[in-house]
Every structure is written in structure tokens, then in C-alpha cells.
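Enquirer: sequence first, predicted coordinates after that:
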Amino acid sequence: MSTNTFLAVYLGSKDGARMAAWNAMPETERRAKEQQGMAAWGAWVEKHHDVIVEMGGPLGKTKKVGEGGTADITNQLTGFTVVRAPSHEAAAKLFENHPHFSIFPGEAVEIMPVLPIPGR
């Protein structure tokens, strides 16, 4: 069975409704939810440790570089993980009900194949 590499990008908005609801929670409730989420994330990692190529992690502020120079920008990228799976569908299935959005205020996880470099 062939295995392919996939990049999973965690998405969320600091200005979205999910984050507003998260921030509106009383601090003790939010801290309890954070502990629950970290335990669930740890369980997810343990369950899938054999297919995780790069654990990745949270992402910080973004700089965009283009012909016009460098600028600070905002996007919805909040973190990433790299996994191996036999298909795109199988890779996506790994992230169903992920703690990023089932417990934490993240909005989604996008999964895309890492393609070979043309000509190599």
C-alpha cells in the first residue's frame, strides 16, 4: 500500500464568533476547557503517532513578501501538522472531530497533499 504525505493546516480567526464565545467564558471554565482540549490533543497524537511525520505546532504572526516588499498581514493559519496516509480521504479522516475545533475555538483543518517537485 502506497503512502503519501499531507499537510494539515489548522484554521481559526481571532475575530470570529467561536473565539468571541471562547473569550466570553469565565476564566475558570476556559482553563478547564483548555486542560480538556490539551488532554484530547495528546490522545489524538498518541492514537496517530505512527502516521505523524512532523508534529508541527502553533503559528505566530505572518509577514508577506512579494514584489512590493514585506508587509505584516493577518490570515487564518493557526498551526500545522504533517501526516502520511494512503489517500487524501484517509488523511482527512484523521482530523474528523479533532480537538482544534471540537473543543478549542478553531474553525477547521484543511488537508492537502504535498506534491513532488516537478522535474525531480
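Expert: Thanks, I have it.
Enquirer: low-confidence ranges, the protein, go.
Expert: 1-2 (pLDDT under 70).
Enquirer: residue boundaries of the helices in it?
Expert: 17-24, 27-48, 88-93, 99-102 (DSSP state H).
Enquirer: show me which residues of the shortest one are buried.
Expert: Judged by neighbour count using 16 or more other CB atoms under 10 Å, the buried positions of helix 99-102 are 99, 100, 101. Using the backbone N, CA and C atoms, a C-beta is placed for each residue, glycine as well.
Enquirer: identify, out of the helices of the chain, the most deeply packed stretch.
Expert: helix 99-102 (a mean of 18; mean count of other CB atoms under 10 Å).
Enquirer: need the residues that contact it.
Expert: Defining contact as CB atoms under 8 Å, 6 or more residues apart in numbering, one finds that helix 99-102 is touched by 10, 12, 18, 37, 40-41, 44, 78-79, 106-109.
Enquirer: and if we set it to 10 Å?
Expert: Residues from elsewhere that reach helix 99-102, judged by CB atoms under 10 Å, 6 or more residues apart in numbering: 8, 10-12, 18, 36-44, 78-79, 81, 95-96, 106-109.
Enquirer: just stretch 11-31 next, same as before
Expert: Stretch 11-31 is contacted from outside by 32-34, 74-79, 100-101, 104-110, using CB under 10 Å, 6+ apart.
Enquirer: for it, list the C-alpha coordinates in CSV.
Expert: Provided in CSV are the C-alpha atoms of stretch 11-31 (Å, rounded to 0.1, in the frame of the first residue of the first chain):
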residue,chain,number,x,y,z
LEU,A,11,-7.5,27.5,10.7
GLY,A,12,-9.2,29.9,13.1
SER,A,13,-10.0,33.6,13.4
LYS,A,14,-9.1,35.7,16.4
ASP,A,15,-12.1,37.9,15.5
GLY,A,16,-14.6,35.1,14.7
ALA,A,17,-17.7,34.0,16.7
ARG,A,18,-16.0,30.9,18.1
MET,A,19,-13.2,32.9,19.5
ALA,A,20,-15.5,35.5,20.9
ALA,A,21,-17.5,32.8,22.7
TRP,A,22,-14.3,31.3,24.0
ASN,A,23,-13.1,34.6,25.3
ALA,A,24,-16.5,35.3,26.9
MET,A,25,-16.2,32.2,29.1
PRO,A,26,-15.4,32.7,32.7
GLU,A,27,-11.6,32.2,33.2
THR,A,28,-12.1,29.0,35.3
GLU,A,29,-14.3,27.5,32.7
ARG,A,30,-11.9,28.4,29.9
ARG,A,31,-8.9,27.0,31.8
